[in-house]
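A.B. asks: 3D, please:
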Amino acid sequence: MKIVIVGGGWAGTAAAISAKKAGAEVHLYEKTDLLLGLGNVGGIMRNNGRYTASEELIVLGGGDLIKITDRVATHKDIDFPGHVHATLYNVNKIEGEVKDYVETLGINLHMESRVRDVEFDGHKIKGLYLADDTFVEGDVFIETTGTTGPMGNCLRYGNGCSMCILRCPSFGPRISISQRCGVSDLQGERAEDVLGAMSGSCKLAKDSLSDEIRNELDDKGVVVLKVPKEDVNYDKLNSKVCQQYALKEFAENIILLDTGHPR
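C.D. replies: Okay, the predicted model is just below:
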């Protein structure tokens with residue numbers, strides 16, 4: 001059976017590994033030049049309920065990616081607002097480790113291959129069209145592109161990112177295959193049911209930090225810096241879509257994490 005996966009983030013990569021283990025011929029199409037998508041920015045694993053989920057995946061035989069994040073971890077069992085017993089993994093190493101593993105399994109990676117449309121007869125996907133007009137057929141199609149949407153969503157509903165790993169200007173915006181098959185995307189909401197878009201975190205150069213902060217970050221993995229009371233703005237929390245970052249602590253503090261570089 002030929003399995004075609006659209007999107008090479010955490011979900012797409014995990015789907016590809018599972019399908020390959022089941023004996024399928026697997027083709028993964030990723031529009032950028034990197035696997036894992038926002039996983040190259042986040043750097044957080046095993047926090048909160050994800051700890052139990054990670055252990056369950058390993059026991060069930062699907063923990064390949066969890067084991068890789070453990071292997072490139074910078075710190076383990078870290079607590080900070082909204083997160084407990086988190087593992088911080090090195091975002092500078094994770095993509096290469098995962099790509100090497102995926103290739104050793106014999107999964108067919110098609111990088112910088114952007115899907116632009118789908119041929120759908122109302123009941124079944126017949127195939128996908130790539131940006132270069134190549135038509136891709138398969139027995140099963142799995143969409144894992146997420147619901148970030150086109151760059152216009154970030155501009156209209158988001159707060160602006162200092163750096164986005166998806167790099168829409170370079171590789172083109174996401175196109176919803178499921179939407180084109182009549183299945184509406186889920187949409188994130190801010191406070192009061194207002195639509196929102198995810199906004200990313202900021203990367204810093206460690207050399208730009210003071211010796212005191214840098215040493216504490218290297219030692220503990222997290223540094224919490226108080227924001228002066230006159231500069232605290234709780235209203236900005238209403239713009240957050242991801243509720244674990246809409247806590248008052250994220251208005252009252254600057255929280256630095258060591259994920260290979262401070263974020």
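
A.B. asks: Let me know how buried Ala205 is, in neighbour terms.
C.D. replies: Neighbours of Ala205 under the rule other C-beta atoms under 10 Å: 8. To be clear about C-beta, it is placed using only N, CA and C from the backbone, and glycine gets the same treatment.

A.B. asks: pretty sure it is touching Gly260, no?
C.D. replies: No - counting by C-beta atoms under 8 Å, Ala205 sits too far from Gly260 to count as a contact (11.7 Å).

A.B. asks: Ile3 sits in which helix or strand?
C.D. replies: strand 2-6 (DSSP states H and E).

A.B. asks: repeat for Gln179
C.D. replies: Per DSSP H and E: helix 177-180 holds Gln179.

A.B. asks: Which positions within that helix qualify as buried?
C.D. replies: 177-178 (16 or more other C-beta atoms under 10 Å).

A.B. asks: Quick one: mean pLDDT over that helix.
C.D. replies: The average pLDDT within helix 177-180 is 86.

A.B. asks: That one: how far from the chain's middle?
C.D. replies: Helix 177-180 sits 20 Å away from the centroid of its parent chain (C-alpha atoms, centre = their mean, to the nearest Å).

A.B. asks: Show me what that helix packs onto, helices and strands only.
C.D. replies: When contacts are defined as 3 or more C-beta pairs under 8 Å, 6 or more residues apart in numbering; DSSP states H and E, helix 177-180 sits against strand 115-120, strand 140-143.

A.B. asks: which one of those strands is the most hemmed in?
C.D. replies: strand 140-143 (a mean of 20; mean count of other C-beta atoms under 10 Å).
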